[in-house]
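Student: Need the 3D shape of this:
(2 chains)
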Amino acid sequence: MIRVEDLIVRYGAATALDGVSLSVARGEKVALIGANGAGKSTLLNALSGMVPKAAGTIRLGGRFAHVPEGRQLFFDLTVDDNLRLGAFRLRERNPAWIYEFLPELGRLRRQKAGSLSGGQQQMVALGRGLMAEPDVLAIDEMSLGLAPIIVQRLAERLSELNRQRGLTLLLVEQSARVALSLCDRAYVLETGRIVTQGSAAQLSDSPFVVAAYLGSPVQEAS
Amino acid sequence: MSAFLSYLIHGISLGCGFALVASGIIIIYRVTRVVNLAQGMFAVVAGFSAASLLDIGLPHVLAESVAIGAAAAVGVLTGYVAVGKRGTNPQASLIVTLGVGIFCYAFEVLIWGDQPRSFAGLAGSYEFFGVDVPKQYLLVTPITVLVFVALELFFERTYAGKAMTACASNPYAAALQGIGVLRMSLYGFGLGGALGGVAGVLLTPLHPISYDSDVSLFVNGFAAAILAGLKRPVLALAGGLLLGVAESMVAGYSKASYQSALALLLTLAILLVQAMRRETLHAVEES
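Tutor: As a prediction, this is how the structure comes out:
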């Protein structure tokens, strides 16, 4: 579904990604873990074509939607407008199924996105990403600034989509705990390079990951 | 009483023109964050074009429509020069629009000469409470209102209008949804050009235009746009009308030369108030 080989991305003289290679199969849930500035968001931006690559190859085997860090909603527009604009590339732009899938958004549909709480905004951002009917949904820092209960609720919805529709998930998370509890596999990035990878179980037991990112063992999400 | 009514009707027509120029400034600013200093030039191009087309025998309506189309095309070209290069910041684009406006003087003088031109609008007049009002004055207001209704419907009801608003609200997120931000910016400039063009063809029969009329049109349009907070075109209608009527009254009851100073003074006052309010907000946030 996603194959990246020897990807290099530069911002001027600074190298943000330095020979990154990874692959994600259809229906997988994969996390990118790393500290601030590790290159996780740059990788997503490269996948969605928002930053040019200096070298390497990117192959996407389906429709790719990117829920960016900080939600990046259209604050001057309503929730309904935000959702409809998520389907800009499609003919079908009716968000009815999003309101069924995320019922909390139904009663907010006429509200301006800028007036919503952080959790509500994240839900709109997620809904807008889903409106593109993606095969791969990449979410950048879903848990940032949200209460654990909201993160848990969003994670449940995403797992449901993954099970029911075979949606491939690529999650960028600073919180390794959230990432490993939700995903099957993960890649760990440091200063633009992948330093380790493995299944969620392997990484949860890895002394390196525990010391650098977890501090204590991870509990499996439902 | 009749003098007052005469100044009022004149001011409303003038204000409609300012509002149309202002709405173009606002739309371009909303989509691109660029204050288009060449906005007055679109009205001049349309006014001159309509006069030339009528001279060669094109009928009214068709001549004005083609002239508005020409202004829209010049708008797109201006946009391409100002924001076409990826990564150009709005301040640099602002200077580019100033350059384009001045550069166009050369073309305008070359094609149409340096003398003011006009053309006959609607012939005849009506009498209102003892005041003769030319029909052209009465044409300006309903057309302007229609244009503003269409603009409001476009931005509030259509998907393309929402996509343009999205580009203004968050260009990065808009690009992520597949919205071509540059394309939308050019549409914004095209629409701004067309609005300037409507102002040009409506005002030229009332006031002859010359190649440098763009300065006063921009100054007045910008004042109306600032009054509207550079946000919604429909607010510019109120701003334009207020300014048009005020200028007409000042010119009528005082000196005509004070008329243009009024827009500058108003712009300065609003900018000062906004700057002071911003400083107060910063102070509150820091405390």
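Student: Would you map the strands across chain B?
Tutor: B:125-128, B:131-134 (DSSP state E).
Student: closest to chain A out of the ones you listed?
Tutor: Closest approach to chain A among the strands of chain B is made by strand B:131-134 (39.9 Å; Cβ to the nearest Cβ). For the C-beta atoms, the positions are set from N, CA and C on the backbone; glycine is no exception.
Student: ok, and for the closest one, which residues are buried?
Tutor: For strand B:131-134, the neighbour count (16 or more other Cβ atoms under 10 Å in any protein chain shown) marks B:131, B:133-134 as buried.
Student: Might you calculate how far that strand sits from the centre of the chain?
Tutor: The chain centroid and the centroid of strand B:131-134 are separated by 26 Å under Cα atoms, centre = their mean, to the nearest Å.
Student: same for that strand, what does it pack against?
Tutor: Where contact means 3 or more Cβ pairs under 8 Å, 6 or more residues apart in numbering or on different chains; DSSP states H and E, strand B:131-134 is packed against helix B:2-32, strand B:125-128.
Student: Nearest to chain A, out of these?
Tutor: Across those (criterion: Cβ to the nearest Cβ), the nearest stretch is helix B:2-32, sitting at 9.2 Å.
Student: Is there proximity between the closest one and chain A?
Tutor: No: applying Cβ under 8 Å from any Cβ of the partner chain, one finds helix B:2-32 separated from chain A by no less than 9.2 Å.
Student: Now do that helix, average pLDDT.
Tutor: Throughout helix B:2-32, pLDDT has a mean value of 91.
Student: and what of stretch A:92-105?
Tutor: Stretch A:92-105 shows an average pLDDT of 91 in the prediction.
Student: Just the terminal-to-terminal distance for that stretch.
Tutor: Using Cα to Cα, to the nearest Å, one end of stretch A:92-105 lies 19 Å from the other.
Student: any low-confidence regions in chain A?
Tutor: A:216-222 (pLDDT under 70).
Student: residues from chain A in reach of chain B?
Tutor: So chain A meets chain B at A:48, A:50, A:66, A:68, A:72-77, A:81, A:84-86, A:88-89, A:93, A:128, A:132 (Cβ under 8 Å from any Cβ).
Student: Count the neighbours of residue A:65 for me.
Tutor: Other residues lying near residue A:65 total 24 when counted by other Cβ atoms under 10 Å in any protein chain shown.
Student: residues touching the nearest residue to residue B:104 once chain neighbours are set aside, list them.
Tutor: The shortest distance from residue B:104 to any non-neighbouring residue, by Cβ to Cβ, 6 or more residues apart in numbering or on different chains, is to residue B:41 (5.1 Å). Residues near residue B:41 by Cβ atoms under 8 Å, 6 or more residues apart in numbering or on different chains: B:74, B:78, B:100-101, B:104, B:196, B:214.
Student: Need phi/psi at the residue nearest the centre of chain A.
Tutor: By Cα atoms, centre = their mean, chain A has its centre lying nearest to residue A:139, at 1.5 Å. Torsion angles at residue A:139 (phi, psi; degrees, to the nearest 10) stand at phi -120, psi 120.
Student: Retrieve the pLDDT associated with residue B:271.
Tutor: For residue B:271, the predicted pLDDT is 77.
Student: and if you look at residue B:240?
Tutor: Note for residue B:240: predicted pLDDT of 90.
Student: which residues does it contact?
Tutor: Shown in contact with residue B:240 (Cβ under 8 Å, 6+ apart): B:15-22, B:220-221, B:224.
Student: Could you do residue B:69 as well?
Tutor: Residues in contact with residue B:69 (Cβ under 8 Å, 6+ apart) are B:194, B:197.
Student: Quick one, which of the residues of chain A next to chain B are buried?
Tutor: Using 16+ other Cβ under 10 Å as the burial test, the residues of chain A next to chain B include A:48, A:66, A:68, A:72-77, A:81, A:84-86, A:88, A:128, A:132 as buried.
Student: all helices for chain A, in order.
Tutor: Counting by DSSP state H, chain A has helices at residues A:40-47, A:79-86, A:96-101, A:118-131, A:148-165, A:176-182, A:200-205, A:207-209.
Student: Which one, of those, ends up nearest to residue B:96?
Tutor: Closest of the helices of chain A to residue B:96 is helix A:40-47, at 27.9 Å (criterion: Cβ to Cβ).
Student: ok, residues contacting the closest one?
Tutor: Contacts with helix A:40-47, where a contact means Cβ under 8 Å, 6+ apart, come from A:2, A:4, A:7, A:9, A:16-17, A:20, A:32-34, A:51, A:53, A:58, A:60, A:64, A:66, A:68-69, A:138, A:140-141, A:170, A:172, A:189, A:192.
Student: quick one: low-confidence ranges for chain B?
Tutor: For chain B, the stretches with pLDDT under 70 are B:1, B:278-287.
Student: Close to chain A: what parts of the stretch 151-287 of chain B are there?
Tutor: Contacts of the stretch 151-287 of chain B with chain A, taken as Cβ under 8 Å from any Cβ, map to B:159, B:162-163, B:165-166, B:168-170, B:172-179.
Student: quick one: which two of those are the most distant?
Tutor: It's B:159 and B:172 that sit farthest apart of these, by Cβ to Cβ, at 20.0 Å.
Student: How about the contacts made by residue B:17?
Tutor: Shown in contact with residue B:17 (Cβ under 8 Å, 6+ apart): B:43, B:140, B:144, B:199, B:202-203, B:217, B:240, B:244.
Student: any idea how far it is from residue B:136?
Tutor: Distance of residue B:17 to residue B:136, computed by Cβ to Cβ, to the nearest Å: 12 Å.
Student: Quick check: bridge partners of the residue nearest to the centre of chain A?
Tutor: residue A:67, residue A:171 (DSSP bridges).
Student: Determine the number of other residues adjacent to the closest residue in space to residue B:84 that isn't next to it in sequence.
Tutor: Nearest residue to residue B:84, sequence neighbours excluded (Cβ to Cβ, 6+ apart): residue B:182, at 6.9 Å. Neighbourhood size, residue B:182 [other Cβ under 10 Å]: 17.
Student: Surely residue B:182 touches residue B:83?
Tutor: Yes: if you go by Cβ atoms under 8 Å, residue B:182 and residue B:83 touch, sitting 7.0 Å apart.
Student: Pull the contacting residues for residue 200.
Tutor: All of this is about chain A. Residue A:200 makes contact with A:31, A:180-181, A:183-186, A:218, according to Cβ under 8 Å, 6+ apart.
Student: hmm, I had chain B in mind actually
Tutor: So residue B:200 contacts B:42-47, B:50, B:67-68, B:71, B:209 (Cβ under 8 Å, 6+ apart).
Student: Narrow the residues you listed to those that are buried.
Tutor: Buried residues within the contacts of residue B:200, defined by neighbour count using 16+ other Cβ under 10 Å: B:42-47, B:50, B:67-68, B:71, B:209.
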